[in-house]
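Asks: Below: sequence and its predicted model.
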Amino acid sequence: MTDVQLAQCKTCLNRKKGTLDPLDICNIRGFQPKDDEACPYFEQDKQVVPETHNKLLYLKPNDKRAKYAIIAILVVSFFAIINVLSSYMQYRLLIDLKNGVYVSDELLTSNDSREQITSIFYLISYIISGVFFILWFRRAYYNLDIRTDNCEYSEGWAAGCWFVPIICLVRPYKIMLELDNDTTDLLEKATKKEINTNATLIGIWWTMWIVITFLGNTVFKVFLRGETVNHYINITILELITSFLILVLGMVTIFMVKNYADKEAALVAEEQKMPEPQPENLTQ
């Protein structure tokens, strides 16, 4: 591989982050470059980013993804409210049972059916909202990497970090903090104005996420311990608290996403005022 080709590879988003070894530089694609051999992806792959002053050509719109993420989180919040009401109704029913009040089998069956249906709808909406949020999260990190070429992690980690044990407890928070801090810095430089960061809001968001995750695991463990009335009362109380916190977390997350989306939109507006960069021949 020539020095010219290696210099081009250093700016390619296909390369593995953190290594510039010619034998490993394109291992994501499985392509092993050889001496004096041209890379086919420079001409075909739109992910290749050439010189610094042309990088803005490779930014991707993220406003719709932010909008869809907010709508999906609103839906989850709606079902969280339904879960709060349903759990409270179940709690009152269990208290009656504990106090010796007669409760018909039909009422018990109706309660179980309601709880199952609300849980299923909540779970589906939760998964969908998670997909939309991660799509927005990853696109935001991709755009930041294009602008700065100095992100701490690769774009793929913005999605993958949510699914890796231990790492999922810290890295999403660090990436969100990096997104907000770096985008705020870029916007301040572009507008010559002081812009507030959202470090406190992001800290609250992530603390609530960890607490809710812990409560969810606790509910599952308590559920497996027995079948007494007191046992189900404890589960219901935990479910009530968890659903309420999820509702609050949803509002915090919506505010965080909207705030960052506004910053990203403002930065795009400032970038559009700059002279439009011209694409270069990626194969030269």
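Replies: Great, that's in hand.
Asks: what about the chain, any weak spots by pLDDT?
Replies: Along the chain, the model assigns pLDDT under 70 to residues 1-55, 220-226, 274-284.
Asks: Pull out the buried positions in stretch 106-113.
Replies: Asn111 (16 or more other C-beta atoms under 10 Å). Any C-beta I mention is one placed from the backbone N, CA and C, and that applies to glycine too.
Asks: Please apply the same query to stretch 165-178.
Replies: Quick answer for stretch 165-178 (16+ other C-beta under 10 Å): 171-178.
Asks: Could I get those residues in JSON lines, plus columns for secondary structure and distance to Thr213?
Replies: Listed next are these as JSON lines, based on DSSP: H, G, I helix; E, B strand; the rest coil; distance: C-beta to C-beta, whole Å:
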{"residue": "Arg171", "secondary structure": "helix", "distance to Thr213": "14"}
{"residue": "Pro172", "secondary structure": "helix", "distance to Thr213": "11"}
{"residue": "Tyr173", "secondary structure": "helix", "distance to Thr213": "12"}
{"residue": "Lys174", "secondary structure": "helix", "distance to Thr213": "17"}
{"residue": "Ile175", "secondary structure": "helix", "distance to Thr213": "17"}
{"residue": "Met176", "secondary structure": "helix", "distance to Thr213": "16"}
{"residue": "Leu177", "secondary structure": "helix", "distance to Thr213": "18"}
{"residue": "Glu178", "secondary structure": "helix", "distance to Thr213": "21"}
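Asks: Would you mind giving the residues you listed as JSON lines with distance to Glu271 added?
Replies: Shown next, in JSON lines, are these (distance: C-beta to C-beta, whole Å):
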{"residue": "Arg171", "distance to Glu271": "28"}
{"residue": "Pro172", "distance to Glu271": "26"}
{"residue": "Tyr173", "distance to Glu271": "27"}
{"residue": "Lys174", "distance to Glu271": "25"}
{"residue": "Ile175", "distance to Glu271": "22"}
{"residue": "Met176", "distance to Glu271": "22"}
{"residue": "Leu177", "distance to Glu271": "23"}
{"residue": "Glu178", "distance to Glu271": "19"}
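Asks: So which residues of the stretch 101-250 of the chain form strands?
Replies: For the stretch 101-250 of the chain, applying DSSP state E, counting those that start in this stretch gives no strands.
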